[in-house]
Every structure is written in C-alpha cells, then in structure tokens.
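K.L.:
let me see the structure of the following:
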Amino acid sequence: MSTLGRVLQWFADPAHWSGSDGIPTRLVQHLQLSAESVLIGAVIALPVGIVLGHYGRFGNLAINVSNVGRAVPSFALLVLAFQVFGLGDLPIIISLTALAIPPMVTNSYVAMREVDPDVKDAARGMGYRELAQVLRVELPLAVPLLMAGIRTSAVQVVATATLAALIAGGGFGRYIIDGLDGYDYTKLVAGAILVALLALATELSLAGVERLLVPRGIRLLRAPTAARAQVFKAA
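P.N.:
Have a look, this model is predicted:
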C-alpha cells in the first residue's frame with residue numbers, strides 16, 4: 001500500500017478520533033496553546049506598536065528589539081524556558097509568545113505610521129481628542145496591516161506549537177514526535193498534514209475576521225478598478 005493510502009487508512013480508523021490521543025483532543029490542546037500565546041502576544045505587542053506608531057517616536061528601537069526574537073530559534077527559546085520553568089504549558093506558552101510578538105509590533109507600528117498625515121490633521125480640525133483620533137480614525141485605517149501582523153504571528157505559532165511535544169506537551173506535535181520515535185511514518189505524516197491544515201484554517205479564519213473589521217470604503221479602495229465599478233453599479 002502507498003504512503004497516501006496508509007495515511008488515509010489512519011484517518012479512517014475510529015480509534016484515532018477518540019480518547020486522550022484522539023484527533024479532537026489533540027486539536028483542542030494545539031488550539032489552546034496557540035490561542036493563549038497569540039492573545040498574550042497581542043496584549044503586549046499591539047499597544048506598544050500602536051502608541052509608538054501614533055507618536056512616531058522610538059519606533060526603530062522597538063522594531064529592532066522585537067526583531068531580536070526572530071533571530072533566536074524557537075527551539076532554543078523552548079529549551080531555555082524548559083530549563084527555568086520545567087515541564088508544563090508555561091515554558092511552551094512563553095516561547096510561543098516570544099515568537100508571536102515581533103510581527104505584531106512591526107506591523108502595528110508601520111500601520112499607524114502609514115496613516116495619511118492629512119487625515120490626522122483633518123481629525124484634529126474636527127475637534128477629535130487624542131484617544132478618539134486613534135480609536136475612530138487611525139485604527140480603522142490601520143486594520144489591514146494590523147491584521148497582517150496578527151495573521152503572520154498566528155500561523156507561525158500554530159506551526160511552531162508542534163515543538164511542544166518535545167517537552168511532553170500536547171497538540172498535533174505528539175503525532176509527529178511519537179511517530180518519529182516509533183518509526184511510525186504514517187502517524188508522522190498524518191500529524192504533519194493536521195498541522196498544515198490547522199495553519200491554513202487559521203490563515204483563512206483571520207482573513208475573514210480582517211474582512212469584517214476593515215471599513216467598506218477601505219475595502220473598495222483596495223479592490224481592483226473593475227471590482228469597484230461593479231460595487232458602485234450595484235449600489
């Protein structure tokens with residue numbers, strides 16, 4: 001039987017869809033680790049990038065510091081966190097959060113800096129206070145780049161969360177690591193397929209969220225000319 005046939009047979013086996021090592025259980029574990037890491041990273045990174053981008057100060061310093069995290073391999077961060085905190089979800093979340101922060105800091109800073117200065121001046125001329133200007137004018141215009149940073153972080157975290165299995169963590173990485181240790185390459189390939197599908201689903205889901213958050217007028221400006229014509233004709 002071919003490798004593809006064995007993998008399909010593995011997915012068709014009901015034993016792999018129940019129990020502590022079943023696909024639904026591993027999916028929940030993988031999502032939990034990834035979602036917590038991305039959320040914590042967003043809470044840290046987005047305010048920093050938005051504030052620095054709004055005022056236009058210390059941006060290069062913040063981006064350079066955050067990009068140091070990209071230079072450090074995720075596996076090295078995981079090992080260091082494991083040495084300090086031991087087994088459990090904490091070292092995994094710390095290392096994944098460190099991976100999630102740089103793209104969000106960079107994109108949120110650039111997104112705020114890309115807002116047209118004339119738009120900011122117009123908002124001030126209309127009497128908007130500082131916070132209202134950020135929330136009601138700048139952020140809606142910055143959403144596309146902001147979401148691009150979040151999408152990049154989320155996909156990277158979902159893919160890298162497979163390393164959690166190296167320190168007894170859960171998730172789809174268990175199939176890859178256990179398959180490699182037991183020379184069960186069917187299980188290994190099935191785990192890799194599940195991780196790839198989850199990363200793709202994450203990208204598509206966040207792209208849908210971005211579409212909901214981006215104001216309609218900005219979507220029209222980003223659309224091709226023919227598409228805009230069709231929208232205006234329908235209106």
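K.L.:
how close does residue 67 sit to residue 60?
P.N.:
Per CB to CB, to the nearest Å, residue 67 is found 10 Å from residue 60. C-betas here are computed from N, CA, C, even on glycine.
K.L.:
the more surrounded of these two?
P.N.:
residue 67 (14 against 10; other CB atoms under 10 Å).
K.L.:
what helix or strand is that one located in?
P.N.:
Per DSSP states H and E, residue 67 falls inside helix 59-71.
K.L.:
any idea which helix or strand comes after that helix?
P.N.:
Downstream of helix 59-71, the next assigned helix or strand under DSSP H and E is helix 74-85.
K.L.:
with only the CA atoms kept, save that next one in PDB.
P.N.:
Taking C-alpha atoms only, helix 74-85 is exported to PDB below (Å, rounded to 0.1, in the frame of the first residue of the first chain):
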ATOM      1  CA  SER A  74      12.100  28.800  18.600                       C
ATOM      2  CA  PHE A  75      13.600  25.600  19.800                       C
ATOM      3  CA  ALA A  76      16.300  27.400  21.700                       C
ATOM      4  CA  LEU A  77      13.700  29.600  23.400                       C
ATOM      5  CA  LEU A  78      11.700  26.400  24.300                       C
ATOM      6  CA  VAL A  79      14.800  24.800  25.800                       C
ATOM      7  CA  LEU A  80      15.700  27.900  27.800                       C
ATOM      8  CA  ALA A  81      12.100  28.200  29.100                       C
ATOM      9  CA  PHE A  82      12.100  24.500  30.000                       C
ATOM     10  CA  GLN A  83      15.300  24.800  32.000                       C
ATOM     11  CA  VAL A  84      13.800  27.700  34.000                       C
ATOM     12  CA  PHE A  85      10.200  26.500  34.400                       C
END
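K.L.:
helix or strand right after that helix?
P.N.:
helix 89-113.
K.L.:
what is the distance between that following helix and the centre of its chain?
P.N.:
Distance, stretch centre to chain centre, for helix 89-113: 9 Å (CA atoms, centre = their mean, to the nearest Å).
K.L.:
what angle sits between that helix and helix 74-85?
P.N.:
130 degrees (axes from the mean of the first three to the mean of the last three CA atoms, to 10 degrees).
K.L.:
give me the helices and strands touching the helix ranked longest in the chain, please.
P.N.:
Using DSSP state H, we find that the single longest helix of the chain is helix 23-55. If contacts are counted by 3 or more CB pairs under 8 Å, 6 or more residues apart in numbering; DSSP states H and E, helix 23-55 sits against helix 59-71, helix 89-113, helix 139-160, helix 173-181, helix 185-213.
K.L.:
shaky segments in the chain?
P.N.:
Applying pLDDT under 70 to the chain flags the ranges 1, 59, 65-66, 69-71, 215-235.
K.L.:
same thing but at 90, please
P.N.:
1-5, 19-20, 51-90, 98, 102, 106, 110-145, 163-170, 182-183, 210-235 (pLDDT under 90).
K.L.:
center of it, which residue is that?
P.N.:
Taking CA atoms, centre = their mean, the centroid of the chain lies closest to residue 154, which sits 1.3 Å from it.
K.L.:
pretty sure it sits against residue 38.
P.N.:
Yes: Residue 154 lies in contact with residue 38 (CB atoms under 8 Å); the separation is 5.1 Å.
K.L.:
perfect, I'm done here.
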